[in-house]
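J.: structure for the following, please:
(one chain, ligands or ions: 1)
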Amino acid sequence: MTSLFDLTGRRALVTGSSRGIGLALATGLAENGADVVLHGRDQTALANAAATLERVSGRAPRTIAFDVTDADEVDAAITELEAEAPIDVLVNNAGIQRRAPIAEFDLGDWNDLVATNLTSAFLTARRVSREMIGRGAGKIVNIGSVQSQLGRANIAPYAATKGGIAMLTKGLCADLGPHGIQVNALAPGYFATELTKALVDDADFSDWVAKRTPAGRWGRTEELVGTLVFLSSGASDFVNGQVVFVDGGMTAVV
Ligand code: NDP
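T.: Next comes the predicted model:
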């Protein structure tokens with residue numbers, strides 16, 4: 001019997017999958033049958049991630065390096081990948097974090113956040129949608145954040161990019177839904193990665209996360225996989241424009 005969630009024969013590009021959440025998501029997609037393309041900028045990290053994924057899934061993934069903030073690099077990379085085989089699933093995961101009180105927030109950091117967390121998703125979706133429209137099918141999953149729902153000090157610019165991701169997702173649903181393409185967002189709560197290292201190391205903050213989350217703890221990156229597999233598979237063909245929070249209940253309670 002074929003599973004609704006089976007990704008065999010589907011090719012998925014996961015941006016920022018050389019480590020952290022992206023690597024966990026790519027691994028989960030591969031374990032469910034997808035041909036995964038790993039992505040990052042650092043070639044050594046990419047090679048290590050590819051070795052990890054091959055150990056787990058038994059298949060060596062394609063890897064590709066490009067800067068998600070550079071329109072020419074994005075266009076060239078997606079053109080190169082599409083020439084080999086269609087990208088059926090695009091996961092916009094690459095992202096950065098910068099923290100500071102707003103009065104001291106550096107304009108360069110604001111620009112980096114917007115470019116890496118938001119413009120990147122516009123660039124990749126714009127390029128890949130041209131191919132997906134031609135095929136009349138495709139899945140785009142944007143990685144958002146609980147910060148699009150919670151007003152918290154020191155991260156207003158980051159939160160603004162993730163709010164932008166939520167609305168980009170809905171707008172792309174309107175643009176691309178008529179072409180048989182689903183665009184949804186997966187919004188994680190708090191997960192221990194390089195991006196959150198300073199928070200994990202801060203015992204008070206780490207305890208606050210656990211207390212603020214009905215689940216009573218931080219998330220484990222593998223706990224994001226089920227929702228991504230759903231949003232990447234035929235099981236979600238009538239789900240479009242949604243932001244799905246995978247946060248242990250954090251955004252459901254005050
Ligand atoms: P990490 O810092 O662990 O990983 C970030 C990844 O993005 C790396 O692979 C990095 O590769 C890549 N990347 C960053 N900038 C660029 C760029 N300009 N071009 C290409 N690749 C880039 O972060 P996480 O795994 O924690 O975060 C992944 C996503 O999840 C982000 O969008 C983040 O906002 C989101 N998120 C994370 C949460 C958490 O608790 N960790 C919570 C909610 C959302 P390289 O260094 O080689 O460029």
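J.: low pLDDT regions in the stretch 51-200 of the chain?
T.: Of all residues in the stretch 51-200 of the chain, none has pLDDT under 70.
J.: how many other residues sit next to Asp67?
T.: Per other CB atoms under 10 Å, the neighbour tally for Asp67 reads 16. Using the backbone N, CA and C atoms, a C-beta is placed for each residue, glycine as well.
J.: now it, nearest residue through space, not along the chain?
T.: Spatially, and ignoring its direct neighbours in sequence, Asp67 is nearest to Glu73 (5.2 Å; CB to CB, 6 or more residues apart in numbering).
J.: so the one you found sits in a helix?
T.: Yes: counting by DSSP: H, G, I helix; E, B strand; the rest coil, Glu73 is part of a helix.
J.: how much space separates it from the ligand?
T.: Going from Glu73 to the ligand by CB to the nearest ligand atom, to the nearest Å gives 9 Å.
J.: is it true that that residue touches Ile64?
T.: No: applying CB atoms under 8 Å as the test, Glu73 and Ile64 come out as separate, 10.1 Å apart.
J.: figure out how far stretch 12-31 is from the centre of its chain.
T.: In terms of CA atoms, centre = their mean, to the nearest Å, the centre of stretch 12-31 is set 9 Å apart from its chain centre.
J.: I misspoke; the intended subject was stretch 226-237.
T.: 14 Å.
J.: what's the closest non-adjacent residue to the residue in the stretch 51-200 of the chain positioned nearest to the ligand?
T.: Closest residue of the stretch 51-200 of the chain to the ligand, CB to the nearest ligand atom: Gly95 (2.3 Å). Leaving aside its chain neighbours, Gly95 sits nearest to Asn117 (4.7 Å; criterion: CB to CB, 6+ apart).
J.: burial count for that neighbour?
T.: Number of residues near Asn117 (other CB under 10 Å) recorded here: 28.
J.: contacts only, for it.
T.: Residues near Asn117 by CB atoms under 8 Å, 6 or more residues apart in numbering: 95-96, 158, 161-162, 164-165.
J.: where does it sit: helix, strand or coil?
T.: helix.
J.: which stretches in this protein count as strands?
T.: 11-14, 35-40, 62-65, 89-92, 138-143, 181-188, 243-246 (DSSP state E).
J.: ok, the second one: who's next to it in the sheet?
T.: It refers to strand 35-40. strand 11-14 (parallel), strand 62-65 (parallel) (DSSP bridges).
J.: the first one and the ligand, are they touching?
T.: No: Strand 11-14 stays out of contact with the ligand when judged by CB under 6 Å from any ligand atom, the minimum separation being 9.2 Å.
J.: quick one: mean pLDDT over that strand.
T.: For strand 11-14, mean pLDDT is 98.
J.: stretch 211-222 now?
T.: Here the average pLDDT along stretch 211-222 is 98.
J.: hey, C-alpha coordinates of it in CSV?
T.: Listed next in CSV are the C-alpha coordinates belonging to stretch 211-222 (Å, rounded to 0.1, in the frame of the first residue of the first chain):
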residue,chain,number,x,y,z
LYS,A,211,8.3,27.1,31.8
ARG,A,212,6.7,29.1,29.0
THR,A,213,6.1,25.9,26.9
PRO,A,214,3.2,23.6,27.8
ALA,A,215,5.4,20.7,26.8
GLY,A,216,7.8,21.8,29.6
ARG,A,217,11.0,21.7,27.5
TRP,A,218,12.8,22.8,24.4
GLY,A,219,12.0,21.0,21.1
ARG,A,220,14.1,18.3,19.5
THR,A,221,14.9,19.0,15.9
GLU,A,222,13.6,15.6,14.8
